[in-house]
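Asks: Model the following, please.
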Amino acid sequence: MGSLTMDRIYEYMFHLISEYSKLQDFKPTPPPTSLEVCTESLLCYADEKQRTFLRKSTTFPAQTPPCTIKPT
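Replies: I've put the predicted structure just below:
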């Protein structure tokens, strides 16, 4: 069994939400007045301590599922 790290937890959460989203029967759309926010724009308003935390907490999903469970 592998060790439990924050990267593995983030991967699990991403895959869980991705699979759950496939069950939706509607297509979410942003409101016309919404604005897109990117990581760089958040860093502009953050102080140095917040920037460090935001950079450390940035994660990207793995291309493989976090685990495979064989059917019984």
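Asks: in the one helix or strand Ile9 maps to, what's buried?
Replies: Using DSSP states H and E, Ile9 sits in helix 6-21. Within helix 6-21, the residues that count as buried by 16 or more other C-beta atoms under 10 Å are Tyr10, Glu11, His15. (C-beta placed from N, C-alpha, C; glycine too.)
Asks: ok, which stretches of this structure are helices?
Replies: Secondary structure of the chain (DSSP state H): helices at 6-21, 39-45, 48-57.
Asks: Least reliable of the ones you listed by average pLDDT, please.
Replies: Note on these: lowest mean pLDDT is at helix 39-45, with a mean of 75.
Asks: now that one, how far from the chain's geometric center?
Replies: 17 Å (C-alpha atoms, centre = their mean, to the nearest Å).
Asks: Closest one to Arg55 out of the buried residues of helix 6-21, please.
Replies: Tyr10 (14.8 Å; C-beta to C-beta).
Asks: measure the residue positioned nearest the centre of the chain to Lys56 for me?
Replies: Closest to where the C-alpha atoms of the chain average out (C-alpha atoms, centre = their mean) is Phe14, at 5.2 Å. Separation of Phe14 from Lys56 (C-beta to C-beta, to the nearest Å): 17 Å.
Asks: Glu19 too?
Replies: Applying C-beta to C-beta, the value for Glu19 to Lys56 is 27 Å.
Asks: In this structure Thr58 contacts Thr39, no?
Replies: Yes - with contact defined as C-beta atoms under 8 Å, Thr58 reaches Thr39; the gap is 6.6 Å.
Asks: Can you point out the buried residues in stretch 39-54?
Replies: For stretch 39-54, the buried set under the neighbour-count rule, 16+ other C-beta under 10 Å, is empty.
Asks: Can you give me the end-to-end span of it?
Replies: Stretch 39-54 has an end-to-end distance of 9 Å (criterion: C-alpha to C-alpha, to the nearest Å).
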